[in-house]
Structure formats: C-alpha cells, structure tokens
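> Below are the sequence and a predicted model; questions follow.
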Amino acid sequence: AQTVTQSQPEMSVQEAETVTLSCTYDTSESDYYLFWYKQPPSRQMILVIRQEAYKQQNATENRFSVNFQKAAKSFSLKISDSQLGDAAMYFCAYMVDDKIIFGKGTRLHILP
Amino acid sequence: EPEVTQTPSHQVTQMGQEVILRCVPISNHLYFYWYRQILGQKVEFLVSFYNNEISEKSEIFDDQFSVERPDGSNFTLKIRSTKLEDSAMYFCASSAEAPSWGQMYEQYFGPGTRLTVT
C-alpha cells in the first residue's frame, strides 16, 4: 500500500531559526514525485517544494530545502530562517500516476 | 497567474439533500481532480477525470458521488444524498497533463469549498 507518514503532529520553532519536518513513505514504485504542501488557516493548499524520485539532487526553493533519501524512503523538509508567515499545517505528499497521497500533516508554530 | 477557482466557498446543506460543488480549472488544463479533507484529518484523493471520463477513483467515491464537465470550463462534483460524514473541505485541482516518466505536471489546487451537512 502507498502510505505517507509524518511522525510529528506538531512542532515549534523560534523565529529566524531552522526547523526540519520529517516524512517517510512507502511505495514499490520507482518513478514517483514527492511534495511538501503548506496549508495556512485559510486552508488553501500551497505547493512549497517538489522532488522527482529519479533526481538525486535535493530540491531547494529559497528558504526551503529537502533531504531526499530514496533508499530509506525519507523526505524531510528544512525551513531556514523561519518567519511568522511560515506558521501553517505542512503536508508531505507522494504522487504516482495522477493521484496524490497525503500524510496527516505537521502543524508548525513559529515563536516570536 | 492562472488559478483554479471554486464556488461556493462555504455550502451548508441538510442531510439527504443533493449538493453540487463547482470548480473552474485552469483553462488549458486537461486533467481534473477532486480531493476531500475532513476537519483535522489528511487530504484524501477522491477522483481523477480526463477526456470526459473518470480515470481513477478511490473507495470513498461511491455511487453517491459523480463528476461532470458540463461545458468547456466547469468541473463539478455532485453528492446525491448527503450524509453527516460528508462534511469536509473539498478541493478541486487541475493539471496540464498526467505525469509520465521524466515529466511532472503540477496539480494546481483551488481554494476549496467547505461543505457542512446538518
């Protein structure tokens, strides 16, 4: 079964500090995509960063970067220089074929 | 920048009533999706739609659900006889293509419709 596991229901980080959100997934596929989505209180789903499984290089998007370990099926998100606007629910997600499977999310609090 | 829109933003309906949720995908997109998020839970795939047909559906998408692209712009989700447990946020998404080897086409999500069944 294809599953995505986020083991941290909630996390807090001091403003300007760095935080890492963890994610593991289970799949037998070799070709797939991984994402991190941000869901602020408005509940809109905003794509933060994506990673193609066939690429070894970790994706980076400004202050957001991932640590993709394909053999371990691990896909963590690092947020550097945390800002108050980063406070949200973060979902790790996996896409194969045209279906996205989401984890249960990690609620990130930013402490001023 | 083009975006997916959804109406209404919030719909309240009584149990047993039919409800139609509307989405306008990005204009040149060919693949359409519905997802559901029950409050406090994860987002779940419901159905994908291409070329006027359902491509894939989840176990959640039973006979009470249907999708339609009634014209060139709208994509709708109908729930025939709503239940209390249908209360959720419903997200529409669209992509230009379906992913294939070496190519990924991002799914763009709409802002969601919050459905409350009383």
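Cool, the structure landed. Numbering: from 1, shown residues only, chains lettered A, B, ... in the order given.

> Tell me who's in contact with residue B:10.
B:113, B:114, B:116 (C-beta atoms under 8 Å, 6 or more residues apart in numbering or on different chains). Bear in mind the C-beta positions are built from the backbone N, C-alpha and C, glycine included.

> so which helix or strand takes in residue 66?
Unless you meant another one, I'm taking chain A. Using DSSP states H and E, residue A:66 sits in strand A:64-69.

> nope, chain B please
Secondary-structure assignment from DSSP H and E places residue B:66 in strand B:65-68.

> Could you spell out the sheet neighbours of the helix or strand just after that strand, each with its direction?
Using DSSP H and E, the helix or strand that follows strand B:65-68 in sequence is strand B:75-79. When pairs are called by DSSP bridges, strand B:75-79 turns out to pair with strand B:19-24 (antiparallel), strand B:65-68 (antiparallel).

> now these in JSON lines, with mean pLDDT?
Formatted as JSON lines, the strands paired with strand B:75-79 follow (pLDDT from 0 to 100):
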{"stretch": "strand B:19-24", "mean pLDDT": "97"}
{"stretch": "strand B:65-68", "mean pLDDT": "96"}
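
> Go through the ones you listed and pick out the most buried.
strand B:19-24 (a mean of 19; mean count of other C-beta atoms under 10 Å in any protein chain shown).

> neighbouring contacts of the helix or strand following that strand?
Going down the chain from strand B:19-24, the next helix or strand is strand B:31-37, by DSSP H and E. For strand B:31-37, contacts defined as C-beta under 8 Å, 6+ apart pick out A:43, A:98, A:100, B:21, B:23, B:25, B:43-50, B:55, B:60, B:67, B:69, B:75, B:77, B:88-98, B:105, B:107, B:109, B:112.

> And those, which of them are buried?
With neighbours counted by 16 or more other C-beta atoms under 10 Å in any protein chain shown, those contain buried members at A:98, A:100, B:21, B:23, B:25, B:43-50, B:55, B:60, B:67, B:69, B:75, B:77, B:88-95, B:98, B:105, B:107, B:109, B:112.

> Residue B:111: how many residues sit nearby?
Other residues lying near residue B:111 total 18 when counted by other C-beta atoms under 10 Å in any protein chain shown.

> ok now do residue A:17, which residues does it touch?
So residue A:17 contacts A:81, A:82 (C-beta under 8 Å, 6+ apart).

> Chain B against chain A: which residues are in contact?
B:31, B:33, B:35, B:37, B:41-45, B:48, B:50, B:55-56, B:89, B:91, B:95, B:98-99, B:101-102, B:104, B:106-107, B:109, B:111-112, B:114 (C-beta under 8 Å from any C-beta of the partner chain).

> quick one: secondary structure of the residue nearest the centre of chain A?
Residue closest to the average C-alpha location in chain A (C-alpha atoms, centre = their mean): residue A:36, at 3.4 Å. Under DSSP: H, G, I helix; E, B strand; the rest coil, the three-state class of residue A:36 is strand.
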